[in-house]
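J.: using only what follows, build the 3D model:
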Amino acid sequence: MNTSSKYMVDFKESALRTLEIEKQSLAHLATQIDDRFVKACALILNCQGRLVITGVGKSGHIGRKMAATFASTGTPSFFMHPGEAGHGDLGMLVAGDILIAISNSGKSDEIMMLMPLIKHLKVPLITITGNNLGTMPKYADVALTLGGLKEACPLGLAPTSSTTATLALGDALAVALLEARGFTSDDFARSHPAGALGKRLLLKVENLMAKENNIPKVFSDSSLGDALFEINTKRLGLTTIVDQNNILLGVFTDGDLRRLIEKNPTFDISTPISDLMSKSPLTILKDARAVDALEQLQSKKINHCIITNDCNQVIGILDMHLLMQAGIA
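T.: Sure thing, here's the model as predicted:
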């Protein structure tokens, strides 16, 4: 049933037409990426201050998103409303900054009113406009253009294709600068410490591992019975086996116990644990990222790893349960 028929419009056809027009606008935008784009990137990359973005109406909304994207990818940036700038907020803009001004028409009165002051501050100006016929590009150090796009709005009035293209152009600038700066996932996480991604990238093994008295541990001359008691007491599903200097010699896990029972149901609990332990357990240093430890556990299809120092002394245990509790797994 076509539920849109009673509304005298085919909603699906309208949506597909809109997306097709906006897809074409992005394809056309690609033809506008030339030496001007390169110059804009170089200006921003060498900026000693902040990247300030301004725009009115829908351009302002896009500008706010662009500023947020730049700021989270290594380019200090904020949005300045041009109307408020004319009433004192222009003090946010100082020598050493760069200004990106957005206006599809290139004739925004609010932005044009600021031009004499912007030139007085000698702040480099990058404009983003539909074409270079407006007034704003004439003041620009770099005049980026969208290429005179057709709006998806059938009236040709509501900013649609132009805002999509502006947003995409802002993303292209941000990504190019991200790559030029060598911006890494660790850098991104430091800008997002409260988010799930930040947690995954910032948490270290030492922040999650069981340590000190919570580490299951027996000496190499201990019996299987001693090891089982330690496993049951510490409840991590394994015990480490160490020498008198706390050097890791091996591990014995719940899985090892199950395999022992299957092989020899009448096993002797007085058997030395050194005869039964796994001698090559997975070890990780405490300053490793928890997400990297998770990848190693998953690749080896095991649930535990031993945290050691540079001398191979046991300083912690990390298991899948602890990673799940922290929201990493």
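J.: now find how far off-centre stretch 103-113 is within its chain.
T.: With Cα atoms, centre = their mean, to the nearest Å as the basis, stretch 103-113 stands 34 Å off its chain's centre.
J.: and if you look at stretch 151-167?
T.: On Cα atoms, centre = their mean, the centre of stretch 151-167 falls 29 Å from the chain's centre.
J.: who's in contact with it?
T.: 17-18, 21-22, 25-26, 28-29, 57-59, 61-62, 65-66, 102, 104, 128, 130, 146-147, 149-150 (Cβ atoms under 8 Å, 6 or more residues apart in numbering). C-beta here means a position set from N, CA and C on the backbone, and glycine is covered the same way.
J.: now do the strands in the stretch 101-250 of the chain.
T.: Taking DSSP state E, counting those that start in this stretch to define them, one finds strands in the stretch 101-250 of the chain at 125-129, 142-145, 217-219, 238-242, 248-253.
J.: could you work out the end-to-end span of stretch 248-267 for me?
T.: 25 Å (Cα to Cα, to the nearest Å).
J.: circling back to that earlier point, buried ones among the contacts of stretch 151-167?
T.: 18, 21-22, 25-26, 28-29, 58-59, 61-62, 65-66, 102, 104, 128, 130, 146, 149 (16 or more other Cβ atoms under 10 Å).
J.: just the ones of the contacts of stretch 151-167 in helices?
T.: If you go by DSSP state H, the contacts of stretch 151-167 have 17-18, 21-22, 25-26, 28-29, 58-59, 61-62, 65-66 in helices.
J.: secondary structure class for residue 281?
T.: coil (DSSP: H, G, I helix; E, B strand; the rest coil).
J.: give me the nearest residue to it, chain neighbours excluded.
T.: Residue nearest to residue 281 in three dimensions, not counting chain neighbours: residue 251, with 4.3 Å by Cβ to Cβ, 6 or more residues apart in numbering.
J.: ok, the nearest residue to residue 311 once chain neighbours are set aside to residue 229 distance?
T.: Sequence neighbours aside, residue 247 is the residue nearest to residue 311 in space, at 7.2 Å (criterion: Cβ to Cβ, 6+ apart). Using Cβ to Cβ, to the nearest Å, one gets 22 Å for the distance from residue 247 to residue 229.
J.: would you mind telling me which of the two has the busier surroundings?
T.: Counting neighbours by other Cβ atoms under 10 Å for residue 247 and for residue 229 shows that residue 229 has the greater number, 16 against 13.
J.: I'd like the distance between that one and residue 212.
T.: On the measure of Cβ to Cβ, residue 229 and residue 212 end up 19 Å apart.
J.: wait, residue 285 sits on residue 305?
T.: No - the criterion here is Cβ atoms under 8 Å, and residue 285 misses it with residue 305 at 10.5 Å.
J.: okay, these two: which has more neighbours?
T.: Between residue 285 and residue 305, residue 305 has the larger neighbour count (other Cβ under 10 Å), namely 24 against 14.
J.: part of a strand, is the more buried one?
T.: Yes - Residue 305: assigned to a strand according to three-state DSSP.
J.: circling back: hmm, the residue nearest to residue 311 is touching residue 315, no?
T.: No - between residue 247 and residue 315 there is no contact under Cβ under 8 Å: 11.6 Å.
J.: pLDDT weak spots in the stretch 1-150 of the chain?
T.: Applying pLDDT under 70 to the stretch 1-150 of the chain flags the ranges 1-7, 87-88.
J.: would you list the strands of the stretch 101-250 of the chain in a markdown table and tack on distance to residue 11?
T.: Listed next are the strands of the stretch 101-250 of the chain as a markdown table, based on distance: least, Cβ to Cβ, whole Å:
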| stretch | distance to residue 11 |
| --- | --- |
| strand 125-129 | 32 |
| strand 142-145 | 33 |
| strand 217-219 | 66 |
| strand 238-242 | 58 |
| strand 248-253 | 58 |
